[in-house]
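>>> quick one, structure for this:
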Amino acid sequence: MTRFLLSTLFLGLAASVQAKQPNILWLVGENLSHDLGCYGAKHVHTPNLDRLVREGVRFTNVFSTNPACAPSRSAFMLGMYQTTTGTQHMRSHREDDFKLPAGVRPMTHRLQEAGYLTANIKMIGDKAVGTGKLDLNFVNEGPIYQSDDWSALKTKQPFFAQINSHEVEYDIYDRQSKNKERVEWVGEREHVKHATPEKVTPPPYYPDVPLVREEWARYLNSVSGMDVRIGWVLEQLRKDGLEDDTLIVFFADNGRLEPRGIHWCYDSGLRVPLIIKWPKNFPAPQGCEAGSVNGQIVSLIDVTATTLDFAGIAKPPLMQGRVMLGPHAEAPRAYAFSARDRIDETVQRIRSVHDARFHYIRTFTKGPTFASLNRYKEKCFPILPLMRAMQAKGELTGPPLELMQRSGPCEELYDTQADRDEIRNLADSTKPEHREALLRLRAALDTWMVETGDLGGVPEAPEVVAPFAKEMDAWFGTPDWAKK
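Got it, this is the predicted structure:
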């Protein structure tokens, strides 16, 4: 009898240990690509994220499903492409009765049902560590999070906490209308200014002139400032005794805060960092060894499916993200697909597919691509009006001129291994390997659009789009050239 009781007790304890769920912390960066020290970037200082990489896994081929925040966030909060769920347009469905398709739910609702406290953290004590940003294209699904209180995490476990950095926005909003107050920018402090205009080398798709160098240095310094805030979070996690039970996932919502980054389906707008650190008190699954590098192709919606799996939640039937690590890992992707639709008042339909080497981009919309009017970009990104002025004077040459002259509909193909900055369009190349890549990726994109029910082919009604132009004009004004 004693042996039976001891055996029963042992099995009960084993089941309890097995049933214990890890805490999960998402650190979501705003608008950055591989511009961290641990990814080889120069003139940035990111010791906290560099340390996280030494203790975790660094992923090198991760892509957002959209190069702007709201559609991308809508996708990774659902684990589904925004073009499938009808959330593909920037800041859409904020004031209508739109509901998500049947069976599609925010990830946090599923975590809550599994016993997780969900929190979107802005403050730790008197330190502003996040913005509390949601920016989702669905608003009628009920509260997304249960709390914003960091102190609650110690007493209510397991928890899923998200912290959205505002640092890589740096101070672009100082340049817009007076309707917004300035937020503190840690990156402007002297101790994190590691980039100067004299040191940096801007991408070759911009003219190498002083203003471009200044903007590039500001962006890199803002990345260093973001790392400062992340350091505050990681330090507090240790102080509170939560680190060894908490899975840490760092990624960016979309690519760089630069004119050809955010909003555009180039690598600079889609390729994002991803770092995962497994907690000490849970056995790390295969592929999560400290200091390892993972080169598999990943979509940000895969982070959603994988997070649910880490929490012990089976992937929902409709979810398009794939579990990418652990015993339930699915087959690795051959391709990562992305899409851009209306951004504010700017209507563009662009689709993109990456494989391990090549990147294919198809623009469906007629007219200018990069040079199309977007009032937010014109006001907050001085490189764009500078390039317009230089083009008018005949001072642009090479890749910057080609970028300003590009017009849709068009196809683009880039070898991202040989041409990291994507300035040599191979769509018209006659080389067999380029023709093969073009035909293969073109077919893969066509198949994906059909299989996922891409809703981007259905245009919004003019009365839906028109208010955005009016709103953007009120916020940012309209440049003289666009009034003609």
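
>>> hey, where'd the helices end up in this protein?
Listed in chain order, the helices of the chain (DSSP state H) span residues 2-19, 47-55, 69-78, 82-85, 107-113, 210-239, 267-270, 300-310, 375-380, 383-392, 398-405, 432-451, 462-476, 480-483.

>>> I'd like the ones you listed laid out as CSV, including mean pLDDT, mean neighbour count and distance to R256.
No exception for glycine: its C-beta is placed from N, CA and C like everyone else's. Shown next, in CSV, are the helices of the chain (pLDDT from 0 to 100; neighbours: other C-beta atoms under 10 Å; distance: least, C-beta to C-beta, whole Å):
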stretch, mean pLDDT, mean neighbour count, distance to R256
helix 2-19, 41, 9, 42
helix 47-55, 97, 18, 16
helix 69-78, 98, 27, 13
helix 82-85, 98, 25, 20
helix 107-113, 98, 19, 26
helix 210-239, 95, 21, 7
helix 267-270, 98, 26, 5
helix 300-310, 98, 24, 15
helix 375-380, 94, 21, 13
helix 383-392, 98, 18, 12
helix 398-405, 98, 18, 15
helix 432-451, 98, 15, 23
helix 462-476, 93, 14, 20
helix 480-483, 91, 9, 25
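
>>> how is this protein divided into domains?
21-331, 350-483 (automatic domain parsing).

>>> and the end-to-end length of the last one?
To tie it back to what came earlier, the one meant is domain 350-483. Criterion C-alpha to C-alpha, to the nearest Å; first-to-last residue distance in domain 350-483 is 26 Å.

>>> can you put the domains of the chain in CSV and add distance to F337?
Formatted as CSV, these follow (distance: least, C-beta to C-beta, whole Å):
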stretch, distance to F337
domain 21-331, 7
domain 350-483, 5
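
>>> nearest to R340, out of those domains?
domain 350-483 (4.4 Å; C-beta to C-beta).

>>> now I248: closest residue in space that isn't a chain neighbour?
K277 (4.3 Å; C-beta to C-beta, 6 or more residues apart in numbering).

>>> same question but for T346, I mixed them up
Per C-beta to C-beta, 6+ apart, closest to T346 is N374, 4.4 Å.

>>> got a list of what that neighbour touches?
263, 343-346, 472 (C-beta atoms under 8 Å, 6 or more residues apart in numbering).

>>> select, out of the helices of the chain, the one closest to T246.
That would be helix 210-239 among the helices of the chain, by C-beta to C-beta, at 6.3 Å.

>>> show residues contacting the longest strand seen in the chain.
Longest strand of the chain, by residue count under DSSP state E: strand 358-368. With contacts defined as C-beta under 8 Å, 6+ apart, strand 358-368 is touched by 265-267, 347-354, 369, 406-416, 422, 437-438, 441-442, 445.

>>> nearest to S338, out of the domains of the chain?
domain 350-483 (4.2 Å).

>>> quick one: distance of the closest one to the chain centre.
18 Å (C-alpha atoms, centre = their mean, to the nearest Å).

>>> okay, now E95: neighbour count?
For E95, the tally of surrounding residues (other C-beta atoms under 10 Å) stands at 8.

>>> ok, now N120?
When neighbours are counted by other C-beta under 10 Å, N120 registers 22.

>>> ditto for W150
22.

>>> my guess is it contacts I124. True?
Yes. W150 lies in contact with I124 (C-beta atoms under 8 Å); the separation is 4.8 Å.

>>> shared neighbours of the two, anything?
Common neighbours of W150 and I124 (C-beta under 8 Å, 6+ apart) are Q236.

>>> give me the pLDDT value at M324.
With respect to pLDDT, M324 scores 96.

>>> what's near enough to touch it?
296, 298, 302, 305-306, 330, 332.

>>> and for M123?
Contacts of M123 by C-beta under 8 Å, 6+ apart are 129, 148, 150.

>>> list the beta-bridge partners for it.
Per DSSP bridges, the residues bridged to M123 are A128.

>>> distance of it from E30?
17 Å (C-beta to C-beta, to the nearest Å).

>>> circling back: now the contacts of M123 in CSV, with distance to G86?
Listed next are the contacts of M123 as CSV, based on distance: C-beta to C-beta, whole Å:
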residue, distance to G86
V129, 33
D148, 28
W150, 34
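
>>> of those, just say which sits nearest to F250.
After measuring the contacts of M123 against F250 - C-beta to C-beta - the closest member comes out as V129, at 13.3 Å.

>>> the closest one: neighbour count?
Around V129 there are 23 residues (other C-beta under 10 Å).

>>> returning to what we had before: restricted to strands, list the contacts of strand 358-368.
Checking these against DSSP E, those in strands are 350-354, 407-415.

>>> could I get those as TSV with pLDDT, distance to K483 and neighbour count?
Putting the ones in strands among the contacts of strand 358-368 into TSV (pLDDT from 0 to 100; distance: C-beta to C-beta, whole Å; neighbours: other C-beta atoms under 10 Å) gives the following:
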residue	pLDDT	distance to K483	neighbour count
I350	98	26	26
R351	98	31	22
S352	98	32	27
V353	98	37	27
H354	98	38	26
S407	98	21	15
G408	96	23	17
P409	98	27	13
C410	98	27	16
E411	98	32	16
E412	98	30	21
L413	98	36	22
Y414	98	35	24
D415	98	40	17
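
>>> from these, pick the one nearest G255.
S352 (11.5 Å).

>>> these two touch, right, that closest one and F337?
Yes. With contact defined as C-beta under 8 Å, S352 reaches F337; the gap is 7.0 Å.

>>> overlap in contacts of these two?
Joint contacts of S352 and F337 (C-beta under 8 Å, 6+ apart) are L445.

>>> just checking, E289 touches E55?
No. Contact between E289 and E55 fails when scored by C-beta under 8 Å: they sit 10.4 Å apart.

>>> give me the number of residues near the residue nearest to I248?
23.

>>> pretty sure it is touching L247, no?
Yes. Here K277 reaches L247: they are 7.2 Å apart, a contact under C-beta under 8 Å.

>>> export stretch 81-91 as CSV, just CAs?
Only the C-alpha atoms of stretch 81-91 are listed here, as CSV (Å, rounded to 0.1, in the frame of the first residue of the first chain):
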residue,chain,number,x,y,z
TYR,A,81,-2.3,36.4,-43.6
GLN,A,82,-4.0,39.8,-43.5
THR,A,83,-5.0,39.2,-47.1
THR,A,84,-7.1,36.2,-46.0
THR,A,85,-8.8,37.8,-43.0
GLY,A,86,-9.7,41.1,-44.7
THR,A,87,-7.3,43.2,-42.6
GLN,A,88,-4.8,44.0,-45.4
HIS,A,89,-5.4,47.8,-45.7
MET,A,90,-3.6,50.2,-43.3
ARG,A,91,-5.7,51.2,-40.4
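
>>> which other residues reach that stretch?
Contacts of stretch 81-91 (C-beta under 8 Å, 6+ apart): 65-66, 68, 70-72, 74-75, 78, 93, 98, 100-101, 104, 135-138, 301, 320, 337, 339, 341-344, 449, 452-456, 460.

>>> for the stretch 101-250 of the chain, which segments count as strands?
Applying DSSP state E, counting those that start in this stretch to the stretch 101-250 of the chain gives strands spanning 117-120, 123-124, 127-128, 159-164, 246-252.
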